[in-house]
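1. give me coordinates for this.
(2 chains)
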Amino acid sequence: MTRIIVVTSGKGGVGKTTVSANLGMALAKIGRQVALVDADFGLRNLDLLLGLENRIVYTAVEVLAKECRLEQALVKDKRQPNLVLLPAAQNRTKDAVSPEQMKLLVSTLAAKYQYVVIDSPAGIEMGFKNAIAPAKEALIVTTPEISAVRDADRVVGLLEAEGVKEIRLIINRIRPAMVKANDMMSVQDVQELLAVPLIGVIPDDERVIVSTNRGEPLVLAENPSLAGAAFENIARRLEGETIEFLDLDAPSDSILAKLRKLLWTKIV
Amino acid sequence: MNSNAATPDIKSNSGLTETESISNVADVEVNSSHTSSDSSDNTDLTDLSSDELELSAQKVTYSYQFQLKTEAGRLLLILPTESQVPAAEFSWSEICQQLKQRLHAGERWREPQTIMHLVCADRLLDSRQLQELAEILNTHQIQLKSVTAWRRQTAIAAVTNGYSVEQQQPENSLNSAHHISPNPLADTLYLEMTVRSGGDIRHPGTVVIFGDVNPGGMVVANGDILVWGRLRGIAHAGALGNQQCVIMALQMEPTQLRIADAIARAPEKSLLQFFPEVAHMTPQGIRIVRANGFSRSQLSKIYP
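-> Down below sits the predicted model:
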């Protein structure tokens, strides 16, 4: 049974595309056949995060117009053979496709892939409706800010109305130090508001920006990062494993401190 | 340029590229990184790895946008006919958006109070749409005076909005240009603009862009493409299958280059130095040479 998961948030800039790219890559890394679908017509980004922009020849719009076959539009990842991307058209708007057409595309993909991950655009208009139409599960991405949480709450309501029952929450860009100082909403605060089961907490990490600009998802990075590990954990939780949440309270400089201690002991 | 070669039937004149793209198809599984070596005749060129993605040897997609041209002292706005773009796919808001950009790109050379004639042909427009059009034109000091409309409803809408209407069917110079067959090449389109992400310039002739083409932007032409600026998006020359078309840019850093039915993408590593360069077809695929080393005679050697 293919898992069809939409990654959505309501608010823009909270990390939907970053989550989609890394989660897709993490699932592919553990051997799953994954199709990533960019539903952000007109403002596509997923191809950039994956570093696949210059390989796009056809997009979903051409597939729907029957100008090419679906397989021709799928862009194979250059590093991970288990991952393909169905790109969105950049020169169209969200009205270029209908929810029925999205369902058709995704159901065709579902025959061949174990996971279909749909990257939803921001907002709750046509693009959002297109993205959630084929989905059976949803991952809500939010940051610990009232605006993002408020929008996420609205989206949860819309998803429930659309019959997407399996909804889980990802809290992105959390800064443990700020939470401790009571300057930022904590995971508990967000969860209390949304009342949606939590599947992952991703710490704020500068390396996410670097990986975005380079088109190399963080989960592929050679030296492991806390954020990358968080993405991998989400992938495994999706697979049904029970994994402890990362201890974010031990901030990254304590890892440095440990290293320093280690070096120090060697020198001494 | 030999405009006869731009036949819509690609299969008949694409022997070379077809073999090229088929061999690429076989490579699909082999992943990237085959930066193919320079062909012997182009020594100082930027290398383009031929792409492992298949650009089908089938139909090259060509969607019609409106055309703007000057004829007999007036500006003509020719909308795509229903046979070119079916009513279901015709987006008036997109046409308006494009028109605004296109008018802006040609602002500098236009005389104020230019007279415009709209060619609707069999396209259905209502009076609200005509009103919207007139408002856009007004901001650029263009006056819509007359409309060619074959459909009664469009004609009535035009008359109520105060335009003179020509209702006659084909067989005059206005209509012949946009008839089903896009041959011969249309007049060259000269644009002073930046083609930004999502921008899509399609023209059944040669396109000259005085400005940049940003990543995510796309230029599709049946003829050549000249970019007097940086080409960083996608350029598709000879979109109907003419392999003799070329792409020129002052600074060539394209996302992809396409000529006829061949396709190539730039190497992953970015370059440090740039020269004006020309991309053209060779039996090995699309290759780039420096503009100062490029001449038409070189092309004629490849395609006698």
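2. burial measure for A:I209, as a count.
-> By the criterion of other CB atoms under 10 Å in any protein chain shown, A:I209 has 10 neighbours. Yep, even glycine has a C-beta here, placed from its N, CA and C like the rest.
3. then it would be within a strand, right?
-> No: read with DSSP: H, G, I helix; E, B strand; the rest coil, A:I209 is helix and lies in no strand.
4. so for it, what's the pLDDT?
-> We note a pLDDT of 94 for A:I209 in this prediction.
5. for it, give its distance to A:G15.
-> Applying CB to CB, to the nearest Å, the value for A:I209 to A:G15 is 11 Å.
6. repeat for A:A21
-> With CB to CB as the criterion, A:A21 and A:G15 are 10 Å apart.
7. which of the two has more residues huddled nearby?
-> Legend: neighbour count by other CB under 10 Å for A:A21 and A:G15, higher for A:A21 (34 against 22).
8. I'd assumed the more buried one was in a helix, is it?
-> Yes: A:A21 forms part of a helix when assessed by three-state DSSP.
9. quick check: phi and psi on the nearest residue to it once chain neighbours are set aside?
-> Closest residue in space to A:A21, ignoring its immediate chain neighbours: A:L49 at 4.2 Å, by CB to CB, 6 or more residues apart in numbering or on different chains. Dihedral pair for A:L49: phi -60, psi -30, per degrees, to the nearest 10.
10. show me what contacts A:L49?
-> A:17-18, A:21, A:211-212, A:215, A:217 (CB atoms under 8 Å, 6 or more residues apart in numbering or on different chains).
11. inside helices: which ones of these?
-> By the criterion of DSSP state H, membership of the contacts of A:L49 in helices covers A:17-18, A:21, A:211-212.
12. ok, the residues you listed vs B:N222, which is closest?
-> Among these, A:T17 lies closest to B:N222 (CB to CB), at 35.3 Å.
13. show me what contacts the closest one?
-> A:T17 touches A:40, A:45-46, A:49, A:119, counting by CB under 8 Å, 6+ apart.
14. list the contacts of stretch A:198-207.
-> Applying CB under 8 Å, 6+ apart, the contact partners of stretch A:198-207 are A:15, A:19, A:139, A:168-176, A:187, A:191, A:218, A:221, A:225-228, A:230-231, A:233-234, A:237-238, A:245-246, A:248, A:252.
15. again with stretch B:68-77
-> With CB under 8 Å, 6+ apart as the criterion, stretch B:68-77 contacts B:66-67, B:78, B:99, B:102-103, B:106, B:114-119, B:142, B:145, B:173-174, B:177, B:186-187.
16. in that stretch, what counts as buried?
-> In terms of neighbour count (16 or more other CB atoms under 10 Å in any protein chain shown), stretch B:68-77 has its buried residues at B:68, B:75-77.
17. do stretch B:144-155 as well
-> Going by 16+ other CB under 10 Å, stretch B:144-155 has these buried residues: B:144, B:146-151, B:154-155.
18. secondary structure for the residues you listed - can I get that in CSV?
-> Compiled in CSV, the buried residues of stretch B:144-155 are given as follows (three-state DSSP):
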residue, secondary structure
B:L144, strand
B:S146, strand
B:V147, strand
B:T148, strand
B:A149, strand
B:W150, coil
B:R151, coil
B:T154, helix
B:A155, helix
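19. in JSON lines, list those residues along with distance to A:P203 and pLDDT.
-> Below are these laid out as JSON lines (distance: CB to CB, whole Å; pLDDT from 0 to 100):
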{"residue": "B:L144", "distance to A:P203": "59", "pLDDT": "92"}
{"residue": "B:S146", "distance to A:P203": "65", "pLDDT": "92"}
{"residue": "B:V147", "distance to A:P203": "62", "pLDDT": "92"}
{"residue": "B:T148", "distance to A:P203": "63", "pLDDT": "90"}
{"residue": "B:A149", "distance to A:P203": "62", "pLDDT": "89"}
{"residue": "B:W150", "distance to A:P203": "64", "pLDDT": "89"}
{"residue": "B:R151", "distance to A:P203": "62", "pLDDT": "89"}
{"residue": "B:T154", "distance to A:P203": "60", "pLDDT": "91"}
{"residue": "B:A155", "distance to A:P203": "65", "pLDDT": "91"}
